[in-house]
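*Asks:* this one's structure only:
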Ligand code: HEC
């Protein structure tokens with residue numbers, strides 16, 4: 001299995017589950033449950049380092065990750081996995097669109 005397939009298998013079921021859960025139970029704690037996953041896979045390019053940040057998008061600050069970005073919808077829509085650009089990108093079948101980018105996966 002290549003690393004992308006492995007990563008998708010690991011992430012795909014996880015994110016919609018975490019996000020969908022928040023719609024029903026309001027029990028998901030962003031800092032405790034979601035942030036560590038994003039830190040591991042996404043902060044390199046969407047984290048605190050302004051020099052390294054891509055697409056002017058950061059996930060280390062919850063209010064920013066959930067905020068509308070100009071004309072774009074928020075990266076994360078609470079309780080709406082399908083409506084979340086973050087989930088769409090992780091599950092994307094086009095390698096040019098898929099996150100994290102193929103060439104950065106260890
Ligand atoms: C190696 C750097 C890198 C990593 C790691 C990375 N990204 Fe990205 N990301 C980019 C770049 C570059 C873009 C802008 C180009 C594009 O839209 O594909 C981008 C764009 C995005 C966008 C769209 C932004 C917009 O304006 O709509 C989302 C959502 C996103 N990334 C989510 C993620 C998520 C979630 C992860 C972790 C699972 C992640 N990225 C990891 C480099 C990265």
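*Replies:* It's in. This one's a predicted model, so the numbers in the text were calculated from it and none came from an experiment.

*Asks:* quick check: which ranges of this structure have low pLDDT?
*Replies:* The model of the chain has pLDDT under 70 over residues 1-26, 105-106.

*Asks:* for it, which residues are neighbours of the ligand?
*Replies:* Applying C-beta under 6 Å from any ligand atom, one finds that the chain approaches the ligand through 41-42, 44-46, 54-55, 57, 72, 75, 85-86, 89-90, 97, 99-101, 104. For the C-beta atoms, the positions are set from N, CA and C on the backbone; glycine is no exception.

*Asks:* residue contacts, the spatially most central residue of the chain?
*Replies:* Closest residue to the average C-alpha location of the chain: residue 86 at 4.1 Å, with C-alpha atoms, centre = their mean. Residue 86 sits next to 15, 59, 65, 75-76, 99 when contact means C-beta atoms under 8 Å, 6 or more residues apart in numbering.

*Asks:* need these in TSV (columns: neighbour count and secondary structure).
*Replies:* Below are these laid out as TSV (neighbours: other C-beta atoms under 10 Å; DSSP: H, G, I helix; E, B strand; the rest coil):
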residue	neighbour count	secondary structure
15	19	helix
59	24	coil
65	21	helix
75	23	coil
76	26	coil
99	23	coil
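
*Asks:* kindly indicate which of the residues you listed lies nearest the ligand.
*Replies:* Nearest to the ligand out of the contacts of residue 86 is residue 99 (C-beta to the nearest ligand atom; 3.3 Å).

*Asks:* can you classify the residue lying closest to the closest one once chain neighbours are set aside by secondary structure?
*Replies:* Nearest residue to residue 99 in three dimensions, chain neighbours excluded: residue 89, at 4.0 Å (C-beta to C-beta, 6 or more residues apart in numbering). Per DSSP: H, G, I helix; E, B strand; the rest coil, the secondary structure class of residue 89 is helix.

*Asks:* since that was my last question, I'll sign off now.
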